[in-house]
Structures are given as C-alpha cells and as structure tokens.
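J.: Curious how this folds, go ahead:
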Amino acid sequence: MFLAIDQLKKSLKNLESIHPFYGITYLACKAAGLPVGKAVPFPISDKETAFLDQYYKPDETSQYFYRVFRPSDKKLHWVERRKYASSTLQAIRTQGQFAEAFIHDVGSDHWGWTRNYVANLKSALSRNLRPFKGRAIPAFDMAVWLFRDRKWPASITAETIIGTFCEEFLITEGEGHELFDLSVPRDLYEVSFFQEGPVTKEALRKIIGDPPDAKPEEGGTLAFLECIGVGPAEKLGFEPAERLSLITGDNGLGKTFLLECAWWALTGYWAGLPGYPRKDTKDAMITFEITGEQGKSEKRTIAYEWKNQNWPTPKGRPTIPGLIVYARVDGSFAVWDPARATQSSEKMNVALYSLVFTRNEVWDGQDGKIEGLIRDWVRWQSNPERHPFDTFKKVLHRLSPPDLGTLEPGEPRRLPHDPRDIPTLKHPYGEVPIVYASAGVRRIVTLAYLIVWAWNEHKIFSDLAHRHPQRRMVVLIDEMEAHLHPQWQRAVLPALLDIREVLASDLHAQFLVATHSPLVMASMEPQFNDETDKLFHLDLAHNGKTTLKELRFIRYGAIDSWLTSEVFDLRQARSREAEMAIEKAKALQRQEQPQTGDVRIVSEELMKALATDDEFWPRWVYFAEQHGVSL
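T.: The predicted model follows:
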C-alpha cells in the first residue's frame, strides 16, 4: 500500500505555514545525530543538501528543490539547489532566532545543539506559525510528504506512520511533546489515505507543478485540437482517439485542414501553407493538448499574429511528440523526429527535425536529408544485415493488395538512360521495375518505405544521442484510398494498424486517417474498438456552417448501407440518375390520383437508370399497372 495522492495534497496544505527550518535543517541534523551540549566537525550545508536531494527533489533531473514550507509567492515553490543550503538556510540558522539553538563559532565548521535547544525551537515555533499560532508541527503530515514513495504493509495505521517518523529522525520524547502534534488527524478516516500503487510523477506534477528547468516529456500524441477563426468553420473542436481516428466528410469541408492543423499542433511547423484566418474574425487561435506516457499536459493556445502575418512557434512545451509520419494528399510526406534535436526545447529549431519531402524527393532523395526510396531500397537489399530490409519486406507483405498477391522485392536492374539500379517487384506475370508500377502500388510502397525509413533513422539518431527510441508514434494519412482498387481499400487500413508490431513490440501508434471510402470504413468493422477508436464527420449544416461531430461507429455490413448512412449521406446507393428517377416515382406513389402520362414518363426514366433485377421494380410494376401502364 502507498499513501494516497489526495492525502498528500491535504498534507502539503497543512505544512505550508511551517518555517522551512523545521522541515529541513532540524530534521537533517536529527537524522545525522548532531550531539547535544558540544560542537563537533559537522558539514551542515552538505547534510542539508543531501537531505533536500532525498526528500525535496521530486524531479531527479532538475536542479531545483520543491519548497513545501511557507511559499509566499507561486514562483518560490521552487528554489535552486546550488545555493539554497549554502545561502538561504545558512542565513536562517546563523543570523536569526534559530541561532540560539546551536553551539557554533562564526567561520567554524563545528556544530552542536545547545542543552536547551528544545525550548529555543519551541519559542521560535510559536512565533513562526502565524496562521496557527501555538500549534505544533503536524507529524503525520510531515511523514506523508517525506514517505510519499514508501511502500507500506496492508495492515499499516496512521499511528505506525507517526511512530516510524519519530524513530527514523531520532525524535526524543521531549521533542515530540514540545514541538510536534503526534495525534492522528480527526478527518483521516473519512476517506482512505492509502492507494494500491505509488503516486505517479504526473499525479504529483498536477499538485506541485514543474521546476523551472523541467525537461519536456517526450513521446506525445495529440489529445485535443481546437481551431477558432481559421479554416472552414468559425470553430472546430477535435479530440482524437488513443489509437485510430477516422475523419469523414464531403470535399471542401476541412479534412485536409484538420490534418494540417494536427501536424502543426504536434510539431509547431506547417507542412504546407499555414492556416489563414477567416475574414470575419479578429482573434484567430489554435488550442491544442499533447499527451505523453505520464498523462495529459496543459492546453496551449496560440493566437495568430496579424502584425507579423504568421503563427508563432509554440515555446517551452511540457510535452513534445514522438515520431510522426504524415502522408499528404498530394503525394508528399512530412516526418518529425525528436531524436534529431540537439538543443533545449526553448532554443530548438523545429526545421531541424521537421522534414517535408515532395513526391519526387521521396523517390529520388534530397541532399543531406534522405537518399530516397530507389537508392535506399537497393542499399538495404544489398546489405540486409546492416539495413532494415527485413522490416521493409514485412511491412510490404502486410500492405500487399489482395488481387496482386504479396508485394515481394525482386532483383534490382538497370534501365536505359538511368545510371541507378532500380528496385523491382515480383508479380504473377514477372518482375516489374518499381518506376513502372501502378499509381496504387507506388503509393503504398512509398508509405511503407517512409514509415520504415523514419523508424530506422530515429533509432540511429537515438543511438548517437545515447537515448532510448521513442515508444509512441503518430501516423497521419490523407485520403487513405487514393489510387487503390476496391479490393485493396478493404484491406489496407487494418494492415496499416498492424505495422507497429513489425517495427517494435512496445511501440504505441496513434493514427489520424481521412477517407471518402465506404470500403475503408467497412474494413474496420471487425477491428473498430469503441475504447481506443473514434469516428468523426464533417458536415455542412442548413445554416451554411461546417460542423465536426463524433459519430457512433455502426457496423452496417453491406457497402451500400454505408453509402446511405449519415457518414456518406446518399439517398440511394445507385447512380444519380437512378436516385432521381426513384425519388420521382415515390412522389407519384404518394399522390392521390397520379396521371397515367406521368407514370409512363417515370417508368421510361426508371428503365434507363435501373438494372433489370433492381429491388425497386416489384413495387413499381404493380403501381404502374394499377394506373394503366404495362411494363
């Protein structure tokens, strides 16, 4: 069992008004066994610093201590490690009222307690606890802070915790009586002061905040995005799912815009043209929230700078994203890799590790940044032990189209007027150079290559920086179905979701996918999980305003049922002419006395637009014959 976060929050509040001397110098000297009645060599500043390191440094990477006691200003919740013990605490114990409790010669490193130190400390205590004058130090609350990470047996009681505190810090009976409140708080048992697991860093952060030098958490994914005064709507709010977010809607309503803003929110860098504010707004802003492995960070709002005509780069992010791959609708790709960063988050140059490649650059390379698919493929294939060729083959295998069979690399070959070796793919009818492959094959091969390339480069840069590779990745794909045969549309997204297992067993991936395809939607019916996935729909309301809403994912089964669902909103899963003819026929059927001539005209339109076995015919043939038209 561990002390509960709610109890820790309550105890910190109870400790605020205590002078820091009692929680630091006094306890450090007691724990170290400072003698009474004589001075001995005692490096008191070192003892205080070691004590602070052990109990008051919740962020091990920081050079700041958390100031539990008497914070007169929010900024003073944190104090610098390098000078706190040697300056602030030294002044307290040598110049103020607490100096009377010590035997110490100025300039000496000899220290000891005076024989009446308890009386001196009690006198100082009553003067310093101004909001609680006359009250003693709450021993239980002090123990809750100091023992916040300690595991206790299930049978533990508050009395035992107080006893452990007195025992470990050598609190004498006289000190306990004169300086401390050793009683159990009256409201302690109203709720449990224990919890199953230890207090997490994220939970503690929500109470005490971050030190000024806190390093941003890495491996973030998008948790929230809101655009106001920019894009196709006055306001768009988007809360992506943990694993898969499907984004649907008609052309021009903002699917690509949403992905572009998601990329910018994650990276601080526009992959293409920046979002431009609407004419009818003065305050354009984008709010976003990035969540790391420890939980959600604070929301950040960035306002458009009209004077400079740009969106300022977000600074001082508490969480920076993990590896990101963005497949854009025009065939270009963008990659973000935090392992490429060599500077602090305040000074980082986002362009250093935000890479945007045109379709041609992905294939042919960009100087100093990427060799390109053609060169890398051949290089990986020629030396598979050093390069991720096996991973690339596995990814290709998973993304292969059902009709063509497995996408398997063949032997590279030379082509006329090209000095390079060109990769080939094996097809049932022979090996085909990749440059002659179909548009659909090239799109999927490019996606497979960029994902594998980005992951491999990330591992290389992480190794150079002596860091562990990220365990979280974000993949954004615009128009998932572009150039793909219907058979492939039914298979590609489920296969893509499984790719993370090929890259690393502990990799968590978040997918943001925009699509127009009912086949892509139907392909997710066996895999869609309401707990980790979401479906979003952009729609044009009757008032002409664009809205984004989350829809319940319904398993419609047949593809034509998807077409007539609110996701695609077709009246009929037929041609436009067939839909219009059927609507006219239904209107005639609702009339009290339809004219034979009108029935004949609609019948002719139906015969031109409908198949001979269309399910609408039985209903119409009976109606037409009743009104003098034989079909």
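J.: Just give me the residue closest to the centre of the protein.
T.: By C-alpha atoms, centre = their mean, the chain has its centre lying nearest to T221, at 2.2 Å.
J.: Could you double-check that it sits in contact with T319?
T.: No: judged on C-beta atoms under 8 Å, T221 makes no contact with T319 at a distance of 9.3 Å. To be clear about C-beta, it is placed using only N, CA and C from the backbone, and glycine gets the same treatment.
J.: ok, the residue nearest to the centre of the chain to R67 distance?
T.: Distance from T221 to R67, counting by C-beta to C-beta, to the nearest Å: 33 Å.
J.: can you list the weak-confidence ranges in the stretch 301-450 of the chain?
T.: Low-confidence regions of the stretch 301-450 of the chain, defined here as pLDDT under 70, cover residues 316, 318, 341-353.
J.: Please repeat the previous calculation with a cut-off of 80.
T.: Along the stretch 301-450 of the chain, the parts satisfying pLDDT under 80 run over 315-320, 341-354, 386, 403-404.
J.: mind listing the strands for it?
T.: Remark: strands of the stretch 301-450 of the chain, listed N- to C-terminal, are 319-321, 323-327, 333-336, 354-357, 408-409, 413-415, 418-422, 424-427, 430-433; assignment by DSSP state E, counting those that start in this stretch.
J.: domain assignment for the protein?
T.: Listed by automatic domain parsing, the domain ranges of the chain are 2-208, 220-360+452-563, 576-626.
J.: so of those, which one's packed in deepest?
T.: Neighbour counts (mean count of other C-beta atoms under 10 Å) averaged over each of the domains of the chain peak at domain 220-360+452-563, with a mean of 18.
J.: End to end on that domain, go ahead and measure it.
T.: Start to finish, the residues bounding domain 220-360+452-563 are 35 Å apart (C-alpha to C-alpha, to the nearest Å).
J.: List the neighbouring strands of the longest strand seen in the chain plus their orientation.
T.: Under DSSP state E, the strand in the chain containing the largest number of residues is strand 217-228. Based on DSSP bridges, the strands next to strand 217-228 in the sheet, each with its direction, are strand 235-238 (antiparallel), strand 285-292 (antiparallel), strand 319-321 (parallel).
J.: Of all those, which one is nearest V513?
T.: Put simply, out of the strands paired with strand 217-228 the one that sits nearest V513 is strand 235-238, at 13.3 Å, with distance taken as C-beta to C-beta.
J.: who touches the following helix or strand past the closest one?
T.: Downstream of strand 235-238, the next assigned helix or strand under DSSP states H and E is strand 244-249. Applying C-beta atoms under 8 Å, 6 or more residues apart in numbering, the contact partners of strand 244-249 are 255, 258-259, 497, 510-516, 520-521, 524, 528, 532-539, 548, 567-568.
J.: immediately after strand 244-249, which helix or strand?
T.: Stepping forward along the backbone from strand 244-249, the first helix or strand reached (DSSP H and E) is helix 255-267.
J.: what residues does that next one touch?
T.: Around helix 255-267, the neighbours that count as contacts under C-beta under 8 Å, 6+ apart are 220, 222, 225, 227, 230-232, 236, 238, 240, 247-249, 269-272, 274-275, 286, 288, 290, 311, 321, 324, 326, 328-329, 334, 336, 350, 354, 474, 476, 478, 512, 514, 538, 548.
J.: do stretch 48-62 as well
T.: Defining contact as C-beta under 8 Å, 6+ apart, one finds that stretch 48-62 is touched by 24-25, 27-28, 31, 64-68, 81, 84-86, 89, 145-146, 201, 204, 208, 210-211, 213-215.
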